[in-house]
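let's see this in three dimensions:
(one chain, ligands or ions: 1)
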Amino acid sequence: MNFPFSEQENVAVFTCCHIIRENADIYYVSHDEDDGAWQFLCDLESHQSSDANIVSLKEIFELDNSIGELANMPLGYYATRVDKNSTWKEFTQ
Ligand SMILES: [Zn+2]
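This is a model prediction of the structure:
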């Protein structure tokens, strides 16, 4: 599968330990307006800084190819979905 993002495959992105270690699904994706950073979180309401994990964009894409739908999401937007089989909905931050 082609890598759909314009960023390099090895760019560092933020995610949480639940997705990386506990196989939680991705429910929230943000593309930060200030620094262009991508963030991928599960559906827990609150995350502590100790939950943060840094992985490559390629690594998170391989975990869940559906985030490729968000490859063109502009800076300053975030996306959520109701469940793993729903389509992503994008919002401005
Ligand atoms: Zn989490």
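
output the below-cut-off pLDDT ranges for the protein.
Applying pLDDT under 70 to the chain picks out no residues at all.

got the residues of it near the ion?
16, 18, 42, 44 (CB under 5 Å from the ion). To be clear about C-beta, it is placed using only N, CA and C from the backbone, and glycine gets the same treatment.

for those residues, pick the one with the most neighbours.
residue 16 (22 neighbours; other CB atoms under 10 Å).

you'd agree that residue is up against residue 46?
No - the criterion here is CB atoms under 8 Å, and residue 16 misses it with residue 46 at 10.7 Å.

and stretch 8-26, what's buried?
Buried residues in stretch 8-26, counted by 16 or more other CB atoms under 10 Å: 13, 14, 15, 16, 18, 19, 20, 24, 26.

as CSV, the residues you listed with distance to residue 57 would be great.
Formatted as CSV, the buried residues of stretch 8-26 follow (distance: CB to CB, whole Å):
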residue, distance to residue 57
13, 5
14, 11
15, 10
16, 15
18, 18
19, 14
20, 14
24, 18
26, 13
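
inside strands: which ones of these?
The strands, defined by DSSP state E, take in 13, 14, 15, 16 from the buried residues of stretch 8-26.

mind checking how far the last one is from residue 2?
To tie it back to what came earlier, the one meant is residue 16. 27 Å (CB to CB, to the nearest Å).

give me the contact list for stretch 78-93.
Under the contact criterion CB atoms under 8 Å, 6 or more residues apart in numbering, stretch 78-93 has outside partners 25, 27-31, 33, 66-67, 69-70, 73, 76-77.

next one: the closest residue to residue 3 other than its chain neighbours from residue 34, what distance?
In space, and not counting its chain neighbours, residue 3 is closest to residue 9: 5.6 Å by CB to CB, 6 or more residues apart in numbering. Separation of residue 9 from residue 34 (CB to CB): 23 Å.
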